[in-house]
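Participant: Okay, sequence plus prediction incoming.
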Amino acid sequence: MSVFPDTNVWIAWLASGGWEARLSSRERRAVHLTSVALQELWAGAQTDEHAAVFRELAEVHRRAQRLHVPPAAAWILSGQVLAWLRGSAQVGGARLRRLRNDALLAATAHLHDADILTSDTEDFTLIQRVLPVRVRVA
Amino acid sequence: MGRKVRKTLNIDAAKLKRVQAYLGVDTETEAIDRALDAFDYERALGDLLGRAAPSFSGFASPVASRPRRQRKSP
């Protein structure tokens, strides 16, 4: 079992200083970081402390071989998901653009047979209409 | 990666075999190494999250989705 936390989960863990209350020890050992979440975290970096934490976060996961960069297949699959959402679910341009990273995270998780852990299920529920990715609520 | 050393351990052989089978690895050494990796990761990330908290109060990413319940009403 692998767990790919969404960015909002990483932010909650960073702000609260821990993950013990939210995950069992077994689940904690299944956590992996995606470069999708890492990109979104870095976009919010405003201080040297934030930057230092994100560098260490990446290093901890790289060292543990738990840093996942979406392969070409995930980019293609996420594009297909977005095309379906546009064509069959009538999802418009602004929301489609907002869904790009979630679709990429979902495609990466699907290819790794991993669960997504998120506190915002609305967009993933939409994605699940076309991609059978497992989503858990944080 | 740290220096590899030979260790003599008193260990439950049946438990080790069960873990080796569960992980699907070829050797007992690999089974122990994988178990140590998992707990070392848990320790490292827990330590980082604990140290990070004071800097992340109110942190937000401008490109990340937020839980709907945390959004302000119009």
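Facilitator: Now that the structure is in, tell me what you want to look at. Numbering: from 1, shown residues only, chains lettered A, B, ... in the order given.
Participant: Could you find the closest non-adjacent residue to A:Leu99?
Facilitator: A:Asp123 (5.7 Å; CB to CB, 6 or more residues apart in numbering or on different chains). Using the backbone N, CA and C atoms, a C-beta is placed for each residue, glycine as well.
Participant: The one you found and B:Arg66 touch, don't they?
Facilitator: No: using CB atoms under 8 Å, A:Asp123 is not in contact with B:Arg66, being 10.9 Å away.
Participant: Verify the assumption that B:Ala21 is located in a helix.
Facilitator: Yes: if the criterion is DSSP: H, G, I helix; E, B strand; the rest coil, then B:Ala21 is within a helix.
Participant: Quick one: residues contacting it.
Facilitator: If a contact means CB atoms under 8 Å, 6 or more residues apart in numbering or on different chains, then B:Ala21 has no contacts.
Participant: Report the separation between it and B:Ala14.
Facilitator: B:Ala21 sits 11 Å away from B:Ala14, taking CB to CB, to the nearest Å as the criterion.
Participant: Could you do A:Leu105 as well?
Facilitator: Distance, A:Leu105 to B:Ala14, by CB to CB: 40 Å.
Participant: Could you check the pLDDT of whichever residue of chain A sits closest to chain B?
Facilitator: Here the residue of chain A nearest chain B is A:Gly17; by CB to the nearest CB that distance is 3.1 Å. A:Gly17 is assigned 91 on the pLDDT scale.
Participant: Then A:Arg136?
Facilitator: pLDDT, A:Arg136: 93.
Participant: how about the one helix or strand it maps to, does it get close to chain B?
Facilitator: Element membership for A:Arg136, per DSSP states H and E: strand A:134-137. No: counting by CB under 8 Å from any CB of the partner chain, chain B is not contacted by strand A:134-137; separation bottoms out at 9.6 Å.
Participant: so how far is that strand off the chain centroid?
Facilitator: Put simply, strand A:134-137 sits 11 Å off its chain's centre (CA atoms, centre = their mean, to the nearest Å).
Participant: try stretch A:16-30
Facilitator: In terms of CA atoms, centre = their mean, the centre of stretch A:16-30 is set 16 Å apart from its chain centre.
Participant: what's it in contact with?
Facilitator: A:1-3, A:12-13, A:31, A:138, B:38-39, B:41-42, B:45-46, B:49-50, B:52-53.
Participant: switch to 10 Å and redo it
Facilitator: Residues from elsewhere that reach stretch A:16-30 (CB atoms under 10 Å, 6 or more residues apart in numbering or on different chains): A:1-5, A:9-10, A:12-13, A:31, A:64, A:66, A:114-115, A:117, A:119, A:136, A:138, B:35, B:37-42, B:45-46, B:48-54, B:56-57.
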